[in-house]
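# What follows is a predicted protein model with its sequence.
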Amino acid sequence: MDTYQNNQYVKLALVVDDSKVQCQVLSVLLKEENYQVIVAHNGLEAIAKYKDYQPDLILMDISMPIMNGFSATRKIKSLSESNLCPLIFITSDDTEQAYIDSIDAGGDGILVRPFSPQIFKSKIKSLQRISDLYRQVKSLQQEQQKDAELAERLMSGVIESRNFALDKIGMIKQPAALFSGDIQLTALSPNGDLNVMLGDFTGHGLRSSIGAIPLAETFRAMTRKGFSLFEIIIQINKQLYTLLPSDLFLGAAFVSVSEHDKSAYIFNAGLPDIYIMSSDGSVRNKISSTHPPMGVLPELFKGTNLTVLSVEKDERIELISDGILEVRNDKGNMFECERLEESLKKGIVENNVSSIVLSDVIKFCQNMPQEDDISLIDIPCSGWLSSKDNHEATLMKNEDKSIAHDYENGACAWEWRLKLSGSRLTKINPIPIALNQITEIEGNSEHWQNLYTILTELFINALDHGVLGLGSELKSTAQGFVLYFNEREARLAKLDKGFVDIKLSYYPIALGGRIKIYISDSGKGFKYIKSEHREINNQLYGRGIMMLNQLCESLVYKNNGSTVEASYAWKV
Amino acid sequence: MKNQDIDKIKVQLPGIDYDIGVANVLGDDEIYQEIILMFYEDHSKDDENIQKAILGYDGDNCKRLVHTLKGVACSIGAMTLFEQVKLLDIAINERREGDYQHLLEALKPEFNRVIKGIEVAFINKM
């Protein structure tokens, strides 16, 4: 707009009149108002000149040869839908009808001869003011659009591009506005479990997506640090309750899939049913919402639990937002569950769930405007870990004699200890705390993932088999695993005594390091199985100790299994 | 242009209100006189052309010629001619075909007066 005020921008006017006299008279008046002037002598010529020059103002005669002013105006206005180019009819016809016809044809005003140059000037000024305002609004709108697009790119970068296993997990994300109120997150836990979340913020657009970045950061950071899915859900609920305005909340479905345990931990807070699909495309289970959306209540309901299901490797879990069920066709019918289930079945059989569901939804709603964000996540129950993610690829070279030698002579650089007792054992997960300490002191390292696995396995053994007295035989079948989990929850809820004591000692060695782990518990010990007596088989229990043997330099159980000493060493 | 010359021209342009006409081009005498010449070149045969259109029942052309002449007369300050052409224009808009001829006849003297004046003031001197 400044350019206009400073006259740096030369405005252009198109005068359309079959009379050279009128063109000349109007040109004089326009030049006085700092316009450059081009002329056309009939409607057709006017349209061509409009296309070529995109003028800032048009003065149009009505009665002209070849094409009259009304027809030319209709065409010009249809060409300038996104641009307000004021058009004034200049006529000596002072009838009411002329005025009505001029406005109907798309004119922005009419000037009837005779008029004084002052009247002409005022008319031009008033229309130019509107046109300038329009330009200003349009320019602001364009700025906002640019900002919004940048913000959207940044948000997509922060959120979606950092998702795990994007090539293996199918996704549909069709925002109703530039910003989607739906959020899709996937992250790999240090123990190899896959955590997935589909969230649907109230509404859509920028306002709905403000919680997405902190939510994504919490989900990822807590997953990376090894917090359990339930701990992540508790934290996300707390965070959104504090962060979001009262009318904004998040319907969310959470899933943690353990390929190792052949189980899935599921939580649905305000989203449509979560589908567990068999490999033949039939619906095996539906998990309905059991909790209000995240961010509504300061704490989760008392007694809230995850649903635990055993899953087969070739099964899939489907998370959907309500947008997909509620898309409408031109008859006002919604897509709904029945069509979705048919579409899911087809997708699973053809091994392409997201594309097939999306194409069915598009086919169903034709060109009807999309009212809400449309989202789906298609989660395989296995196969998302590439070879580099497997523990075996990062196995320690425990046969390396030089490391052992350094160990004998090295001094302990630091020690860290945490002893949790009674109900604290149910509330606090010491593993992320321990890993945080290690990272704080020694910085990031690819070896902390192995360490996480070792610590988790040892701590869970101490808690489950030692303090809680659970026998691992229960885990011999996939169904038994679910029973085991439920029994564990029940015993944890009642736990008021017992302890687990964790101590870490760090020994720097040349080009590497060693961490010695000592864990003891208050239990009576458990029947651990020495690695040499185990074969690699499909048993679900006992796998943990086998994995520990593979990862650790040494692993020694004492006091009937209630104390364990493990050593993990590495070289760069 | 000297004031004396302008006064002379004013006298020689019967039917044209020089002050109104020149005000329409913001008081620029040279441009105004150019416009008067342009009017003469483009419209001095308008009476004949309108007559042909009436006789030939060429309604569209008749309407356009009359409408344009009305506007142009106003722009150059030929206000009496403007008022007379306006009557014919109204008749055409209202499709009072029986009135066309006598309204054309009624405006012809004023039209000729304006054209003759321009000839005296400018054309004959060229």
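Okay, I see it.
# report the longest helix in chain B, please.
Using DSSP state H, we find that the single longest helix of chain B is helix B:97-121.
# and that helix, average pLDDT?
For helix B:97-121, the mean pLDDT works out to 93.
# again with stretch A:245-262
The model assigns stretch A:245-262 a mean pLDDT of 89.
# Output the host helix or strand of residue B:70 as CSV, nothing but the C-alphas.
Element membership of residue B:70, judged by DSSP states H and E, is helix B:59-76. Extracted in CSV, the C-alpha atoms of helix B:59-76 (Å, rounded to 0.1, in the frame of the first residue of the first chain):
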residue,chain,number,x,y,z
GLY,B,59,-32.5,0.0,-34.5
ASP,B,60,-29.2,-1.1,-32.9
ASN,B,61,-27.1,1.3,-34.9
CYS,B,62,-29.6,4.1,-34.5
LYS,B,63,-29.6,3.7,-30.8
ARG,B,64,-25.8,3.5,-30.6
LEU,B,65,-25.3,6.6,-32.8
VAL,B,66,-27.9,8.7,-30.8
HIS,B,67,-26.5,7.5,-27.5
THR,B,68,-22.9,8.4,-28.5
LEU,B,69,-23.9,11.7,-29.9
LYS,B,70,-25.7,12.6,-26.7
GLY,B,71,-22.7,11.8,-24.6
VAL,B,72,-20.2,13.6,-26.8
ALA,B,73,-22.4,16.7,-27.1
CYS,B,74,-22.4,16.8,-23.3
SER,B,75,-18.6,16.4,-23.1
ILE,B,76,-17.8,19.2,-25.5
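# That one: what's the following helix or strand?
Counting by DSSP H and E, the next helix or strand C-terminal to helix B:59-76 is helix B:79-93.
# does chain A sit close to the longest helix of chain B?
No - applying CB under 8 Å from any CB of the partner chain, one finds helix B:97-121 separated from chain A by no less than 12.2 Å. C-beta here means a position set from N, CA and C on the backbone, and glycine is covered the same way.
# Buried residues in that helix, which are they?
Under the neighbour-count criterion of 16 or more other CB atoms under 10 Å in any protein chain shown, helix B:97-121 has B:99-100, B:103-104, B:107, B:110-111, B:113-118, B:121 buried.
# Also stretch A:493-502?
By 16+ other CB under 10 Å, the buried positions in stretch A:493-502 come out as A:495, A:498, A:499, A:500, A:501, A:502.
# Mind jotting down where the helices sit in the stretch 351-500 of chain A?
In the stretch 351-500 of chain A, the segments counted as helices under DSSP state H, counting those that start in this stretch are A:353-365, A:401-409, A:424-427, A:430-442, A:448-461, A:478-494.
# could you show me where the strands are in the stretch 451-572 of chain A, in order?
Along the stretch 451-572 of chain A, counting by DSSP state E, counting those that start in this stretch, strands occupy A:499-509, A:512-521, A:554-558, A:563-571.
# Likewise for the stretch 51-200 of chain A?
Along the stretch 51-200 of chain A, counting by DSSP E, counting those that start in this stretch, strands occupy A:57-60, A:87-91, A:109-112, A:170-174, A:182-188, A:194-201.
# Give me the contacts around the helix or strand harbouring residue A:267.
Counting by DSSP H and E, the element that carries residue A:267 is strand A:263-269. For strand A:263-269, the surrounding residues in contact (CB atoms under 8 Å, 6 or more residues apart in numbering or on different chains) are A:229-230, A:233, A:237, A:251-258, A:274, A:276, A:287-294, A:306-311, A:317, A:381, A:478, A:481-482, A:485.
# Report the next helix or strand after it in sequence order.
Downstream of strand A:263-269, the first helix or strand assigned by DSSP H and E is strand A:274-277.
# which parts of that next one are buried?
For strand A:274-277, by 16+ other CB under 10 Å, it's A:274, A:275, A:276, A:277.
# if I look at the first one, how far off is residue A:360?
I take that to be residue A:274. Separation of residue A:274 from residue A:360 (CB to CB, to the nearest Å) stands at 19 Å.
# Could you do the second one as well?
As judged by CB to CB, residue A:275 and residue A:360 stand 15 Å apart.
# and which of the buried residues of strand A:274-277 is nearest residue A:328?
Nearest to residue A:328 among these: residue A:275, at 21.7 Å, using CB to CB.
# bridging residues for that closest one?
Residues in a beta bridge with residue A:275, per DSSP bridges, are residue A:286, residue A:318.
# Pull the contacting residues for it.
Taking CB under 8 Å, 6+ apart, one finds A:283, A:285, A:286, A:317, A:318, A:320, A:341, A:344 in contact with residue A:275.
# what's the answer for residue A:50, then?
A:14, A:58, A:76, A:79, A:80, A:85.
# Retrieve the pLDDT associated with the residue nearest to residue A:72 when sequence neighbours are not counted.
Spatial nearest neighbour of residue A:72, excluding adjacent residues (CB to CB, 6 or more residues apart in numbering or on different chains): residue A:43 at 3.0 Å. We have a pLDDT of 93 for residue A:43.
# what's the most distant pair in the contacts of residue A:50?
Greatest spatial distance among the contacts of residue A:50 (CB to CB): A:14 and A:79, at 12.7 Å.
# quick one, which of these two is more surrounded?
The neighbour count for residue A:14 versus residue A:79, taken as other CB atoms under 10 Å in any protein chain shown, is higher for residue A:14 (26 against 14).
# any idea how far the most centrally placed residue in chain B is from residue B:44?
Nearest to the mean C-alpha position of chain B, by CA atoms, centre = their mean, lies residue B:73 at 4.1 Å. Look at residue B:73 and residue B:44: by CB to CB, they are 12 Å apart.
# Give me the distance from stretch A:100-115 to the chain's centre.
53 Å (CA atoms, centre = their mean, to the nearest Å).
# First-to-last residue distance for that stretch?
One end of stretch A:100-115 to the other measures 19 Å (CA to CA, to the nearest Å).
# how about it: buried residues?
Neighbour-count burial for stretch A:100-115 flags A:101-102, A:105-115 (criterion: 16+ other CB under 10 Å).
# quick one: contacts for residue 17?
I went with chain A, as the question did not name one. A:23, A:26, A:39, A:41, A:59, A:61, A:64, A:90.
# That was the other one, I meant chain B.
Residue B:17 sits next to B:77, B:78, B:79 when contact means CB under 8 Å, 6+ apart.
# nearest to chain A, of the residues you listed?
Distance to chain A across those (CB to the nearest CB) is lowest for residue B:79, with 7.6 Å.
# most packed of the helices of the stretch 351-500 of chain A?
helix A:448-461 (a mean of 22; mean count of other CB atoms under 10 Å in any protein chain shown).
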